[in-house]
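Participant: Following is a predicted model, sequence given first.
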Amino acid sequence: MEDRRIGVAVDFSKCSKEALKWTVDNIIRKGDNLILINIQPEGYYEEGEMQLWETTGSPLIPLAELSDPAIMKKYKVTPDPETLEIVNTAAAQKEAFVIMKIFWGDPREKLCEAIDNIPLSCIVIGNRGLGKLKRVIMGSVSNYVVNNAKCPVTVVKHHSDE
């Protein structure tokens, strides 16, 4: 049986939770590795580990630590209860091995680096559904990853309640 490493870009926004839930419901199979990829702005790592983490990202963070606020405070990341519920359910019901890896820098570049460094079998990204003007000004992370990733990319479109 192949060792599948399914990446999901998570920033704890509504659209990233939709992408995570979609991944668990549609892609994750028993025994898969569900790897949450979180990108933080540069400078959010502790001084002593800065140079190492700048290039490689954080160590792999297992689900037990992901659920521990004291440990996550070290990374300056606060997973919300809904995200934790989704991944705990995936671990229990699908017997998925859940881990998180945090990178610092430009989300577009770091997501593509994560694909190669981990390496990922595929990656799922939420799409905020920015209008054309905002997408031109801000750039679309999902569009960049779709065009530059070295693995299959699935973009889960955010369903706005507006």
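Facilitator: Thanks, I have the structure now. Numbering: from 1, shown residues only.
Participant: What is the neighbour count of Arg29?
Facilitator: Residues lying near Arg29 (other CB atoms under 10 Å) number 11. For glycine as for every other residue, the C-beta is placed from the backbone atoms N, C-alpha and C.
Participant: same deal with the one 4 residues further on?
Facilitator: Counted with other CB under 10 Å, the neighbours of Asn33 add up to 18.
Participant: Please verify my assumption that it contacts Glu95.
Facilitator: No: contact between Asn33 and Glu95 fails when scored by CB atoms under 8 Å: they sit 11.2 Å apart.
Participant: Show the subsequent helix or strand relative to the helix-or-strand element of the chain with minimal mean pLDDT.
Facilitator: Least confident helix or strand of the chain, by mean pLDDT, DSSP states H and E, is helix 132-138 with a mean of 55. Downstream of helix 132-138, the first helix or strand assigned by DSSP states H and E is helix 141-148.
Participant: Would you mark the buried spots in the following helix or strand past that next one?
Facilitator: Following helix 141-148 in sequence order, the next helix or strand is strand 153-157 (DSSP H and E). For strand 153-157, the neighbour count (16 or more other CB atoms under 10 Å) marks 153-156 as buried.
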